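J.: I'll drop the sequence and a predicted model, then ask my questions.
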Amino acid sequence: MTDGPEPISADALHALRQELTELRVGRDAVAGTLREGEPTGDRADEADELQRADDVARIDRRIAEIEERIREAAVAGPPSTDAVGVGSTVTVRFSDGEEATFHLGELAEDLDEALITADSPLGRALLGCHAGETVTYDTPDGTTRTKILSLGPRA
C-alpha cells in the first residue's frame, strides 16, 4: 500500500462497518459484566474479572483500528482509475495467455472468487501500476509475469 490514505472498496467498507457494529455490541455485553469498585470475590473471580477487562481492551483497540481505517478511506476518496489501488477492478493477461478480471481488496471475502487481496503476491505487484504495464511476482511454482490490460473502479 502507499504511504497516504488508501481508498477502500464499497464491499470492504460495508464489512468494516458491520464488524464495528458487532464489536460495539460485544463490547457493551462484556463491559456490562465488569464490577467497578466492587470486591471480586475469590481468586477465580478476580482472574475472570481481569480476563473480561483484557477482552474489553482488545475490543477497544480493534474498534479504534476500524474507525481509523474508515476515516482514512473517507479522506482518500474513491479508488483511482489511473493506477491500480484498493478498490480497483483489474483485467490481466497471464503468461499462458489466459485473461481474468479481479477486484483488488483488503479483506478476503469467501463469496467473491474474483477478489484478490492487496497483500497477496499478485495484489502487491499490481498496486500502483497502470494499464499496459507488465508486473512480475512470485508464485508457488516460481516467478511469473502478468500484463495489466485495463483497470477501473469496482463495479
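T.: Thanks, I have the structure now. Residues are numbered from 1 along each chain as shown.
J.: could you say what helices and strands the lowest-mean-pLDDT helix or strand in the chain packs with?
T.: Taking mean pLDDT, DSSP states H and E as the measure, the chain has strand 115-117 as its least confident helix or strand, at a mean of 83. For strand 115-117, the packing partners by 3 or more Cβ pairs under 8 Å, 6 or more residues apart in numbering; DSSP states H and E come out as strand 99-105, helix 121-126. Where C-beta positions appear, they are placed from N, C-alpha and C, glycine not excepted.
J.: for the longest strand along the chain, what is the average pLDDT?
T.: Determined from DSSP state E, the single longest strand within the chain is strand 142-153. On average, the pLDDT along strand 142-153 is 88.
J.: Pairing partners for that strand, with directions?
T.: Strand pairing for strand 142-153, using DSSP bridges, gives strand 88-94 (antiparallel), strand 134-139 (antiparallel).
J.: outside of the shortest one, which residues touch it?
T.: Translated: strand 134-139. Residues from elsewhere that reach strand 134-139, judged by Cβ atoms under 8 Å, 6 or more residues apart in numbering: 121-122, 124-126, 129, 143-148.
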